[in-house]
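Enquirer: Here you go, sequence then predicted model.
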Amino acid sequence: DAMVIQNPRYQVTQFGKPVTLSCSQTLNHNVMYWYQQKSSQAPKLLFHYYDKDFNNEADTPDNFQSRRPNTSFCFLDIRSPGLGDAAMYLCATSRDRGDSYEQYFGPGTRLTVT
Amino acid sequence: AQSVTQLDSHVSVSEGTPVLLRCNYSSSYSPSLFWYVQHPNKGLQLLLKYTSAATLVKGINGFEAEFKKSETSFHLTKPSAHMSDAAEYFCVVSEENQGGKLIFGQGTELSVKP
């Protein structure tokens, strides 16, 4: 089945130690998104790629970076994780941008910062 | 700017009874609206979407929602709740001319009692 895969599902890192989260998709979608979701809150968009075009949200901290080496893969890099970065990180894809295109979400990576 | 308000942060029903999760939106045009479900420690799954076609939208797992422009509402219903329906539900609007950026409601936690 076509799907969005996130690895690892659970990640523990130390305060200040860089960490990379991975997302891959078999849907061949043009757009890939990264969301941060803290406990009991709605997901918050960090940034998205439209093909190779990177689009950062205005309030996304510089500590968060992303790479999309090809259509299938997208990575979220947290350069110096703080305790406040502990959250669920969700990757999503959509076939194209536009109001009517739904997003398909991966299962998420839960990040713990010690 | 668009916005979404989910009127209940928590809804509790008994198994076999109807489910109603309320959502109101604010939009200056005819929006695309979605309902997503999130089970604990999982990603978001699309239940259904409205994109200016039929106002009564049927989704997966017996859920449906009705778009009412006059009331600016998009309530989610199900005739008979099942234990597996216990989850967090998000009403979402797609932001006009923002490349499919999603605006999330605050979420409604649905509990189902045996």
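Expert: Cool, got the structure.

Enquirer: Could you use CA atoms for every contact and neighbour count after this?
Expert: Will do.

Enquirer: Where do the strands of chain A begin and end?
Expert: Counting by DSSP state E, one finds strands in chain A at the ranges A:4-7, A:10-13, A:19-25, A:31-37, A:44-50, A:53-56, A:64-67, A:73-78, A:87-94, A:104-105, A:109-113.

Enquirer: Point out the most buried one among those strands.
Expert: Of all the strands of chain A, strand A:87-94 carries the top mean neighbour count, a mean of 25, counting by mean count of other Cα atoms under 10 Å in any protein chain shown.

Enquirer: Dump that one to PDB, restricted to CA.
Expert: Extracted C-alpha coordinates of strand A:87-94, given in PDB (Å, rounded to 0.1, in the frame of the first residue of the first chain):
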ATOM      1  CA  ALA A  87       6.900  16.700  20.900                       C
ATOM      2  CA  MET A  88       5.400  14.400  18.300                       C
ATOM      3  CA  TYR A  89       6.700  15.300  14.800                       C
ATOM      4  CA  LEU A  90       4.400  14.500  11.900                       C
ATOM      5  CA  CYS A  91       5.300  14.200   8.300                       C
ATOM      6  CA  ALA A  92       2.500  14.700   5.700                       C
ATOM      7  CA  THR A  93       2.300  14.700   1.900                       C
ATOM      8  CA  SER A  94      -0.200  16.000  -0.600                       C
END
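
Enquirer: which sections of the chain are below the confidence cut-off?
Expert: Just going to use chain A. Applying pLDDT under 70 to chain A flags the ranges A:1-2.

Enquirer: other chain: chain B
Expert: Under the criterion of pLDDT under 70, the regions of chain B flagged as low confidence span B:96-97.

Enquirer: Since that was my last question, I'll sign off now.
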